[in-house]
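Engineer: got a sequence here, can you model it:
(chains A and B)
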There are 2 protein chains.
Amino acid sequence: MKNSAVFIISILISNIISAIDIQQYSVFEIELTGPSNGNPFTEVQLSAEFSFLNRTLFCEGFYDGNGKYRIRFMPDEPGTWKYITFSNISELDSRKGSFTCIKNTGNNHGPVKVRNTFDFGYADGTPFYPVGTTCYAWVHQPEEIVENTLKTLSKTAFNKIRMTVMPKNYDVYINNEPPYYPFEGSKEKGWDFKRPDPAFFRNFEEKILALQKLGIEADVILFHPYDFGKWNFDKMNTEEAVFYLRYLIARIAAYSNVWWSMANEYDIMRKTDEEWEKYFRTIQKYDPYQHLCSIHNGMAWYNHSLPWITHLSIQTAYLQDIQDWREQYKKPVIIDECVYEGNIPADWGNLTPEEMVNRFWIAWCRGAYCTHGETYIHPENILWWSKGGKLYGKSPERIAFLHRIMTETPMDGVRPFHSKWNKETYLIKDNDYYLYYYGNSQQAAARFLLPREYQFRLEIIDAWNMTIIPLDGQFSGRVEIPLPGLPYIAVRAIRIGN
Amino acid sequence: MKNSAVFIISILISNIISAIDIQQYSVFEIELTGPSNGNPFTEVQLSAEFSFLNRTLFCEGFYDGNGKYRIRFMPDEPGTWKYITFSNISELDSRKGSFTCIKNTGNNHGPVKVRNTFDFGYADGTPFYPVGTTCYAWVHQPEEIVENTLKTLSKTAFNKIRMTVMPKNYDVYINNEPPYYPFEGSKEKGWDFKRPDPAFFRNFEEKILALQKLGIEADVILFHPYDFGKWNFDKMNTEEAVFYLRYLIARIAAYSNVWWSMANEYDIMRKTDEEWEKYFRTIQKYDPYQHLCSIHNGMAWYNHSLPWITHLSIQTAYLQDIQDWREQYKKPVIIDECVYEGNIPADWGNLTPEEMVNRFWIAWCRGAYCTHGETYIHPENILWWSKGGKLYGKSPERIAFLHRIMTETPMDGVRPFHSKWNKETYLIKDNDYYLYYYGNSQQAAARFLLPREYQFRLEIIDAWNMTIIPLDGQFSGRVEIPLPGLPYIAVRAIRIGN
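Structural biologist: As a prediction, the model looks like this:
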């Protein structure tokens, strides 16, 4: 399930056509040299069209400092791709070339897309079951913590991470200066939002590539309200924000593991609906790959029906409305914040590991996906949720266990049971697969009805103790079996001979 | 908090006026002898007017078999009450009399009424904090179980019990024949719904009086759908149902501890809104005391705005909407079914005791009251929830502990905290009293803001281990204190010198 590393190929363009083999979903990069005077970020326009048979994709380039300009492109079809550049600077204009895209291999499965309305899959058809975590500002921490974060992630099953572009200042838990600042200037003198610092963005994209090597999707949070006057990076006006988005898209959209999360707790930022729409339309216009795109709520609810929303990214402590949201929006639902495992005195960071795991199971059995975070009080104030580092909780290995159960579920046609009563949490694929999850109850038996026409094998799954115990015999019709009488038990029925 | 026993005074009426002292909220009963031929239940009309100063209450009598007719009345004001009977039978008509009502004493506090919009109090002003339980068909069990039920109840803090008038037939858990049937006839020959069996109703009202002695409110469920063709007591037509209601009201409305619960899972009975309205209006017309009156939902939601609904009687597994319901209906909310403590393979009877207690606390801290039930698998199939008997669970003593906390709360002016975010569960009386409940979280510290103008004492309450540990010192303003880091912890701040 893990993506392979992406090949970044930097080529020096001359007037001759160069031919290089690029793996599908990897990055083909054009490096050009041009002016470095004035403000190259705003005064130089650079883009390219990449063509494959009858299809042409438009792609903006970006200024990377020191007179270097780059255009990054991710081909999605094997074959010969041609390109031509456009610029208001003659030395960057009308550069032509081609390259051969070869079929993806190994763990390189391409960007994740919506699949079967409510689920996800990689572009090459491999299913993707999101089990995410949250390290908002991990890229803005000292190198040692960053290394620990990546090392920790490599030992988990987490395959998506929520992370902010901008550094974060929040309560007593995070307020350190980042190693790089995104723009030229300073808080005191003001930032020049039209002059990004390439070093900042290079650092950011290195981290995305490091995640890609680990097979982890980067759920990139474009705006967030956690600045509170420390840096004022949340003070861009609309035009500056659109410029920032275009610059970021030009830099990282070609990375297959990018998702766009427009904002965290978008409503706290007090931008107008029109502003948000402008930003979403900017992504729609300039992202050639139409990466997954969502927005995360505080207390207000965004209109997830809007066409630029590919899936719901929900903050809620209550999961029983998931089926209604599926029905209403016909889009996948990710519970991207349902309170974190931890023990801090905040009602968004005080879950027991049992309840964190329980919420993952409930979300999944109701037809959604859940996201983890960890907020244990730490002597050096390194809380995973914001800074990364190490994990201390007990939920990650149980989430990995659930991820295994997810991958053993039929890929298509599974749906959550949905009654008006809505206490039940179970997944069904009619006649094939039934997964009953009993949550934090202590029922000492399970009772359910299987199709009489087929025989099933049954397994008792302990979501906390991570055991799967098969029952002897075959089952059909009305079934009543004893359970351990402990919380976090599930029963799985799989049709025999299927 | 317990009611005293009610005095039932049966007097032989002659033409002379009799003067007897009756305690306020006790029952004054007129016994008359009349015809026993034909159908005395329908052919004999009997009622009385009871007058105190300028106020007159209308009260129906009932036929009790063997030529005996009774009119029961509960006076609510000390002083001299006069009455006169009305009947289409001359020997029952125009009987006059009077009696002296004396002030209530001891544990006789009168019927429970709504108080301060969202809470309850007895008629004499004593506050009432409902902590209910559920034994739907306990009155229809063999004598030994009935005695056990009362003995068990006497050892708990439960002060309200949900109980059905009609016997119950449900799943594998309850299907025994009751000791009495409510009407003449049989399932085979059909029931004569116009000929109640007085023995059945006498048995029922004895049980109400037994509860009254224990200080327990009888939340009398008038209709329920759990017959499923076993007896067909749910098959009365509208006219028969109104007759049944008038008969029952005449018999038991004079008992101070009666509440009317129109139905359990009313929507499963498939009666029309017009039928329900007719039944509610029957109660409004014939109950001189306007006892508390509610209706309990299955999957459909009743319009609790209607004037005959005194409080919400809700079935739900989800408690976060309580504050919205308070705001919408401006009535008290009782979560009368939120799943029971037990281990049966049904999602309405599988709660751990921890979660049962947790739901009581959450309901209360959100400004509602909760109701208990118990459904442990039992070798003789005696489940408390339907049959009564003995309690095996761990929640009742913790509910008693919570009841103690309730009684220590300021009587008036306490309100639940309500934010849009709505994860918080805490009760406030501004400047006086703050109760923070942390539910099943494991936060290792509490952080909150108290008014700076006052000093408070703090206590850490363990809802599960039933301990209250006072903290040394006085507290004011921003407070951060360590907690045990275990679930089910609350912190109480009480203003010093208040």
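Engineer: excluding chain neighbours, what is closest to whichever residue of the stretch 1-150 of chain A sits closest to chain B?
Structural biologist: As assessed by Cβ to the nearest Cβ, chain B sits closest to A:Thr134 within the stretch 1-150 of chain A, at 17.0 Å. Backbone N, C-alpha and C define where each C-beta goes, glycine included. Leaving aside its chain neighbours, A:Thr134 sits nearest to A:Gly373 (3.7 Å; criterion: Cβ to Cβ, 6 or more residues apart in numbering or on different chains).
Engineer: next one: A:Pro225
Structural biologist: Nearest to A:Pro225 is A:Ile268, by Cβ to Cβ, 6+ apart, at 4.1 Å.
Engineer: need the pLDDT of the closest residue to A:Thr425 other than its chain neighbours.
Structural biologist: Of all residues not flanking A:Thr425 in the chain, A:Cys365 sits nearest, at 3.9 Å (Cβ to Cβ, 6+ apart). A:Cys365 carries a pLDDT score of 95 in this model.
Engineer: wait, the residue nearest to A:Thr134 touches A:Trp384, no?
Structural biologist: Yes - using Cβ atoms under 8 Å, A:Gly373 makes contact with A:Trp384 at a distance of 7.0 Å.
Engineer: for A:Ala493, give its distance to A:Thr467.
Structural biologist: Counting by Cβ to Cβ, to the nearest Å, the separation of A:Ala493 from A:Thr467 is 17 Å.
Engineer: which of the residues in stretch A:72-90 are buried?
Structural biologist: Of the residues in stretch A:72-90, A:72-76, A:78, A:81, A:83-87 count as buried by neighbour count, 16 or more other Cβ atoms under 10 Å in any protein chain shown.
Engineer: from these, which land in strands?
Structural biologist: Counted as lying in strands by DSSP state E, out of the buried residues of stretch A:72-90, are A:72-73, A:81, A:83-87.
Engineer: immediately after the one helix or strand A:Trp276 maps to, which helix or strand?
Structural biologist: Element membership for A:Trp276 (DSSP states H and E) is helix A:273-286. Toward the C-terminal end, the helix or strand that comes next after helix A:273-286 (DSSP H and E) is strand A:293-294.
Engineer: after that following strand comes which helix or strand?
Structural biologist: Using DSSP H and E, the helix or strand that follows strand A:293-294 in sequence is strand A:312-315.
Engineer: what does the very next helix or strand once past that next one contact?
Structural biologist: Once strand A:312-315 ends, the next helix or strand along the chain (criterion: DSSP H and E) is helix A:322-329. Applying Cβ atoms under 8 Å, 6 or more residues apart in numbering or on different chains, the contact partners of helix A:322-329 are A:118, A:304-305, A:309, A:312, A:314, A:333, A:335, A:363, A:366-368, A:416, A:418, A:422.
Engineer: farthest-apart pair in those residues, please.
Structural biologist: Using Cβ to Cβ, the contacts of helix A:322-329 span at most 24.4 Å, a distance reached by A:Ile309 and A:Asn422.
Engineer: verify the stated contact: A:Tyr255 with A:Met74.
Structural biologist: Yes - using Cβ under 8 Å, A:Tyr255 is in contact with A:Met74, at 7.4 Å.
Engineer: shared neighbours, these two?
Structural biologist: Taking Cβ under 8 Å, 6+ apart as the criterion, A:Tyr255 and A:Met74 both touch A:Val27.
Engineer: what is the rounded mean pLDDT of stretch A:26-36?
Structural biologist: 97.
Engineer: count the residues that sit near A:Gln284.
Structural biologist: A:Gln284 sits with 12 neighbouring residues when counted by other Cβ atoms under 10 Å in any protein chain shown.
Engineer: now do the contacts for it.
Structural biologist: A:Gln284 is in contact with A:290, A:308, counting by Cβ under 8 Å, 6+ apart.
Engineer: could you rerun that using 6 Å?
Structural biologist: A:Trp308 (Cβ atoms under 6 Å, 6 or more residues apart in numbering or on different chains).
Engineer: give me the distance between it and A:Ala253.
Structural biologist: Applying Cβ to Cβ, the value for A:Gln284 to A:Ala253 is 12 Å.
Engineer: all the helices of the stretch 51-200 of chain A, residue numbers only.
Structural biologist: A:143-154, A:198-213 (DSSP state H, counting those that start in this stretch).
Engineer: list the buried residues of the first one.
Structural biologist: By neighbour count, and taking 16+ other Cβ under 10 Å as the criterion, the buried residues in helix A:143-154 are A:145-146, A:148-150, A:152-153.
Engineer: same check on the longest one?
Structural biologist: By neighbour count on 16+ other Cβ under 10 Å, the buried set for helix A:198-213 is A:198, A:200-201, A:203-205, A:207-213.
Engineer: still on that earlier bit, would you list the buried residues of helix A:143-154 in TSV and tack on distance to chain B?
Structural biologist: Shown next, in TSV, are the buried residues of helix A:143-154 (distance: Cβ to the nearest Cβ, whole Å):
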residue	distance to chain B
A:Ile145	23
A:Val146	27
A:Asn148	23
A:Thr149	24
A:Leu150	28
A:Thr152	21
A:Leu153	24
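Engineer: would you reformat the residues you listed as JSON lines and include distance to B:Glu184 and pLDDT?
Structural biologist: Supplementary listing: the buried residues of helix A:143-154 in JSON lines, determined by distance: Cβ to Cβ, whole Å; pLDDT from 0 to 100:
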{"residue": "A:Ile145", "distance to B:Glu184": "82", "pLDDT": "98"}
{"residue": "A:Val146", "distance to B:Glu184": "84", "pLDDT": "98"}
{"residue": "A:Asn148", "distance to B:Glu184": "81", "pLDDT": "98"}
{"residue": "A:Thr149", "distance to B:Glu184": "79", "pLDDT": "98"}
{"residue": "A:Leu150", "distance to B:Glu184": "81", "pLDDT": "98"}
{"residue": "A:Thr152", "distance to B:Glu184": "76", "pLDDT": "98"}
{"residue": "A:Leu153", "distance to B:Glu184": "76", "pLDDT": "98"}
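Engineer: for those residues, which one is nearest B:Arg398?
Structural biologist: A:Thr152 (39.1 Å).
Engineer: chain center to the helix or strand encompassing A:Ile428, what's the gap?
Structural biologist: Using DSSP H and E, A:Ile428 maps to strand A:426-429. From the chain centre to the centre of strand A:426-429 is a distance of 25 Å (Cα atoms, centre = their mean, to the nearest Å).
Engineer: please apply the same query to stretch A:31-49.
Structural biologist: Counting by Cα atoms, centre = their mean, stretch A:31-49 comes out at 30 Å from the chain centroid.
Engineer: check which residues of it are buried.
Structural biologist: A:31-32, A:34, A:40-41, A:44, A:46-48.
Engineer: next, count neighbours for the nearest residue to A:Phe233 once chain neighbours are set aside.
Structural biologist: Excluding the flanking residues, the one nearest A:Phe233 by Cβ to Cβ, 6+ apart is A:Met166, at 4.5 Å. Residues lying near A:Met166 (other Cβ under 10 Å) number 24.
Engineer: surely A:Met166 touches A:Asn232?
Structural biologist: No - using Cβ atoms under 6 Å, A:Met166 makes no contact with A:Asn232, being 10.3 Å away.
Engineer: what sits closest to A:Ala199 if chain neighbours are left out?
Structural biologist: The nearest residue in space to A:Ala199 (Cβ to Cβ, 6+ apart) is A:Tyr180, at 5.2 Å.
Engineer: and chain A, which of its residues are near chain B?
Structural biologist: Contact residues (Cβ under 6 Å from any Cβ of the partner chain) of chain A with chain B: A:299, A:317-318, A:320, A:343, A:345, A:347, A:350, A:352, A:377, A:420-421, A:423-424, A:441-447, A:485.
Engineer: if we use 8 Å, what do you get?
Structural biologist: Neighbours of chain B within chain A, by Cβ under 8 Å from any Cβ of the partner chain: A:298-299, A:317-318, A:320, A:339, A:342-352, A:355, A:377, A:419-421, A:423-424, A:438, A:440-447, A:480, A:483, A:485, A:487.
Engineer: thanks a lot, catch you later.
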